[in-house]
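Trainee: have a look at this prediction, sequence included:
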Amino acid sequence: MDDLTAIEKCKAGETEAFNHLVRKYQSEAIGHALAILSRREDALDAVQRAFLDAYEALERFDISRRFYPWLYTILRNRCYKILASREKHVAMSINEIEILAPRQKEAAYTNVRLVGRVLRELSAQDRELLTLKHLDGLCYNELAEQLGIPSGTVMSRLYYARKRFREKLDSIKNQANSKEMNDD
């Protein structure tokens, strides 16, 4: 069943057809929510609520659009509501990163942890943009559609997000090198 058929069946009262959309997009949505929120529990909650919101708003869905970008807008708004409600941002614990990161050679594993640390230190907006671009492989036009902003704005925001990522990465590496030199 394709998305449009599932949506039409849902609108006709066949609520089970929505399961097709949930199964198809749930993993992707969790990954995106996790990139914004950094906490798996919050990400799962945001995804669940976003699917519920989408189901309830399905009558207003414009069938000329693709479903996931529409759902992503709902999910993104839900994620930012969760962020706003937090008194302060608590970074993902190292144990969660170890669960999410594949077990590889020690050097590669260390790099995964380093990238995770740098991403956690960035703003939610930078994490979201970098994840969509570099992990999901979206092009500028897809990013613009997904985020609801012009592609020129995407390019600018991505440039500065990458710059902040590099600066934080360099800072962490310099701290580690200084510590090694002091330990000798």
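Mentor: Thanks, I have the structure now.

Trainee: quickly find the element holding the residue nearest to the spatial centre of the chain.
Mentor: Centroid-nearest residue in the chain, with CA atoms, centre = their mean: His32, separated by 2.3 Å. Assigned by DSSP states H and E, His32 falls within helix 18-37.

Trainee: name the helices or strands packed onto that helix?
Mentor: Counting contacts by 3 or more CB pairs under 8 Å, 6 or more residues apart in numbering; DSSP states H and E, helix 18-37 is packed against helix 3-11, helix 40-56, helix 67-85, helix 124-130. (Glycine included, C-beta is placed from N, CA and C.)

Trainee: do me a favour and average the pLDDT over the helix or strand hosting Lys163.
Mentor: Following DSSP H and E, one finds Lys163 within helix 151-183. What helix 151-183 shows for mean pLDDT is 85.

Trainee: what are the buried residues along that helix?
Mentor: For helix 151-183, a neighbour-count test (16 or more other CB atoms under 10 Å) marks 154, 157-158, 161, 164-165, 168-169 as buried.

Trainee: returning to that earlier point: any idea how far the residue nearest to the centre of the chain is from Ala124?
Mentor: 11 Å (CB to CB, to the nearest Å).

Trainee: again, but for Leu138
Mentor: According to CB to CB, Leu138 stands 17 Å off from Ala124.

Trainee: what does the average pLDDT come to for the helix holding His32?
Mentor: 91.

Trainee: so which residues make contact with that helix?
Mentor: 1, 3, 6-7, 10, 40, 42-44, 46-47, 50-51, 54-55, 58, 67-68, 71-72, 75-76, 78-80, 82-83, 100, 119, 124, 127-128, 131-132, 135-136 (CB atoms under 8 Å, 6 or more residues apart in numbering).

Trainee: could you pull out the buried residues of it?
Mentor: Quick answer for helix 18-37 (16+ other CB under 10 Å): 18, 20-22, 24-25, 29-37.

Trainee: and the angle from that helix to helix 67-85?
Mentor: 40 degrees (axes from the mean of the first three to the mean of the last three CA atoms, to 10 degrees).

Trainee: helix 18-37 vs helix 3-11, what angle?
Mentor: 110 degrees.

Trainee: how much space separates the residue lying closest to Tyr72 once chain neighbours are set aside from Ala33?
Mentor: Using CB to CB, 6 or more residues apart in numbering and skipping the chain neighbours, the partner closest in space to Tyr72 is Gln146 (5.4 Å). Distance, Gln146 to Ala33, using CB to CB: 13 Å.
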